[in-house]
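Peer 1: sequence and predicted structure below; questions after.
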Amino acid sequence: MRKRNPVAEAIRTRRSIRQFRNAAVSDDTVNEILEAGSWAPSGKNNQPWKFAVIRDADLKGALATMTHYHATVRQASVCIAVFLDTSRSYDRTKDVQAVGACLQNMLLTIHSMGLGGVWLGEILKNKEKVANLLGAGTGLELMAVIAMGRPGEKAMHFLAGEGPVRKRLEDLVFLRK
């Protein structure tokens with residue numbers, strides 16, 4: 001029997017966690033997550049991402065009004081807004097893909113630490129308002145917000161259960177030649 005690859009196992013077991021306990025997450029932990037994001041691949045190594053780390057309850061409350069997932073944002077110990085730094089951009093498609101890889105690195109690191117997190121994209125409907133709230137300034141375009149913390153009781157039951165169904169490879173691969 002082949003030994004499971006730990007990275008592949010982390011990819012398979014990571015879940016979007018939207019419910020958190022009231023428990024702190026240290027600055028060192030947040031920095032480790034941000035550093036993992038910073039190691040994502042990027043074209044010409046331009047590293048086109050910038051982060052805003054939000055812990056303040058009032059600021060999270062204001063941020064929560066800009067998304068359908070308001071309870072998730074309020075409950076999270078930390079929210080990390082991830083921006084595309086357009087001043088570092090040389091090819092928009094590649095740079096947006098790089099930010100996606102950055103987000104995935106952070107989510108996998110969150111999961112590997114026994115924490116829970118979720119990639120909030122729906123908030124992009126208010127990306128200009130979010131940027132203004134966080135003082136992002138020109139040249140920074142919101143790509144997503146990660147809400148994270150220690151998984152709540154409902155989330156722990158979710159993590160212990162079966163994962164979502166994925167399409168079969170036969171349904172995804174249209175050419176093997």
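Peer 2: Great, that's in hand. Quick caveat: nothing in here was measured; it's all calculated off a predicted structure.

Peer 1: drop to CA atoms for contacts and neighbour counts, all remaining ones
Peer 2: OK.

Peer 1: stretch 40-55: how far from the chain's middle?
Peer 2: 12 Å (Cα atoms, centre = their mean, to the nearest Å).

Peer 1: what's the answer for stretch 136-147, then?
Peer 2: With Cα atoms, centre = their mean as the basis, stretch 136-147 stands 12 Å off its chain's centre.

Peer 1: which residues of the chain score low on pLDDT?
Peer 2: 1, 154-162 (pLDDT under 70).

Peer 1: ranges for the helices of it?
Peer 2: Assigned by DSSP state H, the chain shows helices spanning 6-13, 27-38, 57-64, 70-75, 92-112, 127-133, 153-160, 169-172.

Peer 1: columns mean neighbour count and distance to Phe83 on top of the ones you listed, output as TSV?
Peer 2: Below are those laid out as TSV (neighbours: other Cα atoms under 10 Å; distance: least, Cα to Cα, whole Å):
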stretch	mean neighbour count	distance to Phe83
helix 6-13	12	23
helix 27-38	17	12
helix 57-64	16	15
helix 70-75	22	17
helix 92-112	20	8
helix 127-133	16	9
helix 153-160	14	27
helix 169-172	8	31
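
Peer 1: including distance to Phe51, could those helices go into a markdown table?
Peer 2: Supplementary listing: the helices of the chain in a markdown table, determined by distance: least, Cα to Cα, whole Å:
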| stretch | distance to Phe51 |
| --- | --- |
| helix 6-13 | 23 |
| helix 27-38 | 8 |
| helix 57-64 | 15 |
| helix 70-75 | 16 |
| helix 92-112 | 11 |
| helix 127-133 | 11 |
| helix 153-160 | 26 |
| helix 169-172 | 34 |
